[in-house]
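Chemist: I would like the atomic coordinates for the input below:
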Amino acid sequence: MFTRNQCVGIIDDLLVLVAYKDHFYLVNYNTVSEEYFYQLVLYNLGKFGKLFLSSPIPIKPYISLFIPNATRQELDTMVDSLLCHKDLLQSYYNIEITLDPDNNTMQLVCLPMILMKYKPSLDKLPIFLHNIATQIEWDNEIECLDAIAREISSFYCCCSKDQCNYFLRSARDGNFKAPKYLSQK
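Modeler: The predicted structure follows:
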């Protein structure tokens, strides 16, 4: 359905109307795009290009935007978790974390290029950094890689109408296969 659909129009912030054969479907593009990005992350594991940020982003202040009441110790623990796993994040996903030598803080330098010319909304970056630091079972390889892929896909999924249009074109041109749990009768 996704490779041969025709986008009729965006209904609201969540739904797009698509035509397939002689039927019309309302599609929650946020949910479908999240699954699409998840498949792209798994398929391209270790082969991503780099999406450099215009300037490095300090990690601790960004996480504190998501949990403003976190103690300094809690924030340090989260940053330390990212620091401990920065090699894995960089080698598999091109998530590059470096130390700013001027003020001795950890910063995010680049993200994975999941889809050419597609840039995720950085509005979700605080929750993404928080979740990568706190929600990953690092000791179990399969669970770890799957959870990171889920967090990346959640971060990259469509938020805006422009992102939705780009996603629909890409899904139509690619090999996206929507899982059964996304289809409703």
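
Chemist: how close does the residue of the chain most remote from its centre sit to residue 15?
Modeler: Farthest-out residue of the chain from its mean C-alpha position, per C-alpha atoms, centre = their mean: residue 22, at 33.3 Å. Here residue 22 is placed at a distance of 20 Å from residue 15 (C-beta to C-beta, to the nearest Å). Yep, even glycine has a C-beta here, placed from its N, CA and C like the rest.

Chemist: Can you check the pLDDT for the residue farthest from the centre of the chain?
Modeler: On the pLDDT scale, residue 22 is placed at 78.

Chemist: check contacts around it.
Modeler: By C-beta atoms under 8 Å, 6 or more residues apart in numbering, residue 22 lies in contact with nothing.

Chemist: Pretty sure residue 152 sits against residue 94.
Modeler: No: between residue 152 and residue 94 there is no contact under C-beta atoms under 8 Å: 10.4 Å.

Chemist: residues shared between the contacts of the two?
Modeler: residue 112.

Chemist: Comparing these two, which shows the higher neighbour count?
Modeler: residue 152 (26 against 20; other C-beta atoms under 10 Å).

Chemist: Residue 119 falls within a helix, correct?
Modeler: No: assigned with DSSP: H, G, I helix; E, B strand; the rest coil, residue 119 falls outside any helix and is coil.

Chemist: if I pick residue 114, what's in contact with it?
Modeler: With C-beta under 8 Å, 6+ apart, residue 114 has these contacts: 37, 40-41, 44, 48, 152, 156.

Chemist: Equivalent analysis for residue 110, please.
Modeler: By C-beta under 8 Å, 6+ apart, the contact set of residue 110 is 50-53, 94-96.

Chemist: Recalculate using a threshold of 7 Å.
Modeler: Contacts here follow C-beta atoms under 7 Å, 6 or more residues apart in numbering; on that basis residue 110 touches 50-53, 94, 96.

Chemist: that older thread, quick one, phi psi at the residue farthest from the centre of the chain?
Modeler: Dihedral angles of residue 22 (phi, psi; degrees, to the nearest 10) stand at phi -110, psi 30.

Chemist: Pull up the gap between it and residue 70, please.
Modeler: Separation of residue 22 from residue 70 (C-beta to C-beta): 53 Å.

Chemist: show me where the protein has strands.
Modeler: Under the criterion DSSP state E, strands of the chain are mapped to 6-10, 15-20, 23-28, 49-58, 96-100, 105-113.

Chemist: Quickly run through the sheet partners of the fourth one, with directions.
Modeler: I take that to be strand 49-58. Here strand 49-58 is paired, per DSSP bridges, with strand 105-113 (antiparallel).
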